[in-house]
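Colleague: Structure for the following, please:
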Amino acid sequence: MKHKTPVRNVAILALASALAAAAQSTKIELARRLADQGNAEFQFNLGVMYDNGKGVPQDYQEAVKWYRQAAQQGIAPAQHNLGVMYDNGKGVPQDYQEAVKWYRQAAQQGIAPAQHNLGVMYDNGKGVPQDYQEAVKWYRQAAQQGIAPAQSNLGVMYDNGKGVPQDYQEAVKWYRQAAQQGHAPAQFNLGVMYDNGEGVPQDYQEAVKWYRQAAQQGHAPAQFNLGVMYDNGEGVPQDHVQAYKWLNLAASQAVGEEAKLYRSTRDAAEETMTPSQIAEAQRLAREWLSENQ
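Modeller: Next comes the predicted model:
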């Protein structure tokens, strides 16, 4: 029996694709027409489309144009996104003061990412005078809405006593909330708290648990600390192969003084190992990289 090529099926698929493309084009033209007529929601949506290159060629200047029109009508997500464009210099010259202006308008409407970003601006003194108390204020509002980076940053403020009295237990509380959402810097910081017994009873196994979660996400300081834990047999059975693996991974991506520390620690660990152990550790590191890049 001869098999016929399903030409009709191919034709049907091509027709369906053409119809879908036409429908998408019609939707874009409708969105543009409504945006031109002053519809703020469609102005915002058109900005998102140009920002992400969805349905239209990516064009940051066009994105800024539409975000601005929507933002000026009080659309909070557009105000936040316009702040991001100024913050990063996309479609406009980088301007931290303009970023702060738009972040603030969105933050005052309760947009959590804008609250977090406004906190970052106060924390780092970008576009505003550095003010840790204001940073804490905005981090807290975003953190209470579940924004993991804000929870992590609020933890850092309590950890270091910036804008609030130093309070390790509060730091642990906020690190934990962010860490449970998979935020690698918070996982690392929570590991440090358990490692040092700050805000929690010292617990090397818990430290290893959180270092490992951050390390698996490629967080170099966590990889380094996890390697040290293996090298010292703290929270895990001593394992020089695993120690070298994690120290090597950390050293491979670190820069500056951090890189020097990581390399010297790795090299010191290497002195206690046999050539076959070193080869196995290097193989495990390469295997991890191939699976996680």
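
Colleague: contacts, neighbours, all on C-alpha from now
Modeller: Will do.

Colleague: Which element, helix or strand, includes residue 119?
Modeller: In the assignment (DSSP states H and E), residue 119 maps to helix 112-124.

Colleague: do you know how far residue 128 is from residue 99?
Modeller: 10 Å (C-alpha to C-alpha, to the nearest Å).

Colleague: Between these two, which has more neighbouring residues?
Modeller: residue 99 (27 against 15; other C-alpha atoms under 10 Å).

Colleague: Please give the element, helix or strand, for the nearest residue to the more buried one once chain neighbours are set aside.
Modeller: Closest residue in space to residue 99, ignoring its immediate chain neighbours: residue 83 at 4.0 Å, by C-alpha to C-alpha, 6 or more residues apart in numbering. Using DSSP H and E, residue 83 falls within helix 76-88.

Colleague: Tell me, how many residues neighbour residue 223?
Modeller: Neighbours of residue 223 under the rule other C-alpha under 10 Å: 28.

Colleague: Cross-check the contact I'm expecting between it and residue 249.
Modeller: Yes - between residue 223 and residue 249 there is a contact at 6.9 Å, judged by C-alpha atoms under 8 Å.

Colleague: Would you mind identifying the helix or strand in this structure with the lowest mean pLDDT?
Modeller: Taking mean pLDDT, DSSP states H and E as the measure, the chain has helix 7-36 as its least confident helix or strand, at a mean of 64.

Colleague: could I get the very next helix or strand once past that one in CSV with only the CA atoms?
Modeller: For helix 7-36, the following helix or strand on the C-terminal side (DSSP H and E) is helix 40-52. The C-alpha coordinates for helix 40-52 follow below in CSV (Å, rounded to 0.1, in the frame of the first residue of the first chain):
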residue,chain,number,x,y,z
ALA,A,40,-4.9,54.3,28.9
GLU,A,41,-5.1,50.5,29.3
PHE,A,42,-4.3,50.0,25.6
GLN,A,43,-1.5,52.6,25.8
PHE,A,44,0.0,50.5,28.6
ASN,A,45,-0.5,47.2,26.8
LEU,A,46,1.1,48.6,23.6
GLY,A,47,4.1,49.8,25.7
VAL,A,48,4.5,46.3,27.0
MET,A,49,4.3,44.8,23.5
TYR,A,50,7.1,47.2,22.2
ASP,A,51,9.1,46.6,25.4
ASN,A,52,9.1,42.8,25.0
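
Colleague: Give me the angle between the helix or strand following helix 40-52 and helix 76-88.
Modeller: Going down the chain from helix 40-52, the next helix or strand is helix 60-72, by DSSP H and E. Angle, helix 60-72 to helix 76-88, by axes from the mean of the first three to the mean of the last three C-alpha atoms, to 10 degrees: 140 degrees.

Colleague: any idea what sits nearest residue 90, other than its immediate chain neighbours?
Modeller: residue 60 (5.9 Å).

Colleague: separation between that neighbour and residue 212?
Modeller: For residue 60, the distance to residue 212 equals 38 Å [C-alpha to C-alpha].

Colleague: What strand or helix carries residue 149?
Modeller: For residue 149, the enclosing helix or strand under DSSP H and E is helix 148-160.

Colleague: Contacts made by that helix with the rest, please.
Modeller: 116, 136, 139-140, 142-144, 163-168, 170-175, 177-179, 181, 183, 185-186 (C-alpha atoms under 8 Å, 6 or more residues apart in numbering).

Colleague: what's the answer for stretch 205-215, then?
Modeller: 183-185, 187-188, 190-195, 221-223, 225-226, 229, 234-236.

Colleague: average pLDDT across that stretch?
Modeller: What stretch 205-215 shows for mean pLDDT is 98.

Colleague: chain center to that stretch: distance?
Modeller: Its chain's C-alpha centre and that of stretch 205-215 lie 19 Å apart, by C-alpha atoms, centre = their mean, to the nearest Å.

Colleague: pretty sure residue 49 is touching residue 56, no?
Modeller: Yes - in this structure, residue 49 is within contact of residue 56 by C-alpha under 8 Å, at 6.6 Å.

Colleague: so who does the spatially closest residue to residue 55 that is not a sequence neighbour touch?
Modeller: Counting by C-alpha to C-alpha, 6+ apart, residue 55 lies nearest to residue 49, which is 6.6 Å off, once chain neighbours are set aside. By C-alpha under 8 Å, 6+ apart, residue 49 lies in contact with 55, 56, 58, 63.

Colleague: Please apply the same query to residue 98.
Modeller: Residue 98 makes contact with 83, 86, 87, 127, according to C-alpha under 8 Å, 6+ apart.

Colleague: and if we set it to 7 Å?
Modeller: Contacts of residue 98 were listed using C-alpha atoms under 7 Å, 6 or more residues apart in numbering, and they are 83, 86.
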